[in-house]
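Enquirer: Structural data only, the sequence is not supplied:
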Ligand SMILES: CC(C)(COP(=O)(O)OP(=O)(O)OC[C@H]1O[C@@H](n2cnc3c(N)ncnc32)[C@H](O)[C@@H]1OP(=O)(O)O)[C@@H](O)C(=O)NCCC(=O)NCCS
């Protein structure tokens, strides 16, 4: 009959843990192996996360210029190469995944709006592709007085709406980047590309006041002019404008 010696068992356990820790870097792709001690698994997960983050940051360096062959992100403007509705919708569904249950944000409504908007003569679109796959887009069109876009604007407190209705204005209708491709400057590059060399002296957009994108827009120079609810089941958006002339 064998008797379990607690000291001997502890020594064996420590030795096994040491061997596992030593070979751990070799099994990065087996982190989910339930046999690994949790401390080792946690360390490997953290190492893998750090590696992914480093790869991500290197992959789209926003300092690189458009057209640099080392730049893996291809930004194209206009409809010379029209993206398919399916590709745009796929990016939308990913970018707005947390909002799709709200009727105004459903995929069906997005497609309806997109079909209508892209039929407008002034429709403009910028696409970002990584390795041939659409990962982000920005699009919009020109607003004129006849669009009555500002009719229901509630001006920001103590502020006259600084919106000259006699001047055409570019309406940035949508800017979206797939979640996996965010925080590498793709959004900024799409934003800058769609607004570059525009004929309109100003641009406008609507953003939910609690959308983290709002902070980005303010950082990128946009100014709040008030609030607007463009259709009955839409949120009460914050309306922002950007001077394109200066
Ligand atoms: C808003 C949105 C388009 C931004 O896209 P993005 O590609 O993440 O934008 P950027 O990378 O240019 O900027 C985002 C942040 O990444 C940072 N960043 C840019 N390049 C970076 C890099 N190489 N490494 C680390 N961070 C970087 C920016 O400084 C910015 O940081 P901050 O949030 O601390 O200010 C994206 O979040 C999105 O699709 N949201 C859902 C759709 C939406 O709400 N759209 C707006 C409708 S009005």
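Expert: On my side now, so go ahead. No experiment lies behind these values; they were computed from the predicted model shown. Numbering: from 1, shown residues only.
Enquirer: State which one residue of the protein is found closest to the ligand.
Expert: residue 187 (2.4 Å; Cβ to the nearest ligand atom). All C-beta atoms are positioned from the backbone trio N, CA, C, and that covers glycine.
Enquirer: Show the pLDDT at the residue nearest to that residue when sequence neighbours are not counted.
Expert: Of all residues not flanking residue 187 in the chain, residue 177 sits nearest, at 5.0 Å (Cβ to Cβ, 6 or more residues apart in numbering). Among the per-residue scores, residue 177 shows a pLDDT of 98.
Enquirer: Am I right that residue 125 sits in a strand?
Expert: Yes - when DSSP: H, G, I helix; E, B strand; the rest coil is applied, residue 125 is found to be in a strand.
Enquirer: What does the pLDDT read for it?
Expert: pLDDT, the model's per-residue confidence, is 96 for residue 125.
Enquirer: dump the residue contacts of it.
Expert: When contacts are counted by Cβ atoms under 8 Å, 6 or more residues apart in numbering, residue 125 touches 77-79, 83, 118, 137-139, 194.
Enquirer: Quick check: bridge partners of it?
Expert: With DSSP bridges applied, residue 125 shows beta-bridge pairing to residue 139.
Enquirer: if I look at it, how far off is residue 94?
Expert: Taking Cβ to Cβ, to the nearest Å as the measure, residue 125 falls 18 Å from residue 94.
Enquirer: thinking again about what came up before, what does the helix or strand containing the residue of the chain closest to the ligand contact?
Expert: Element membership for residue 187 (DSSP states H and E) is helix 186-195. Defining contact as Cβ under 8 Å, 6+ apart, one finds that helix 186-195 is touched by 60, 62, 66, 73, 75, 77, 124-126, 128, 135-140, 170, 172, 175, 177, 203, 213, 216, 220, 242, 244.
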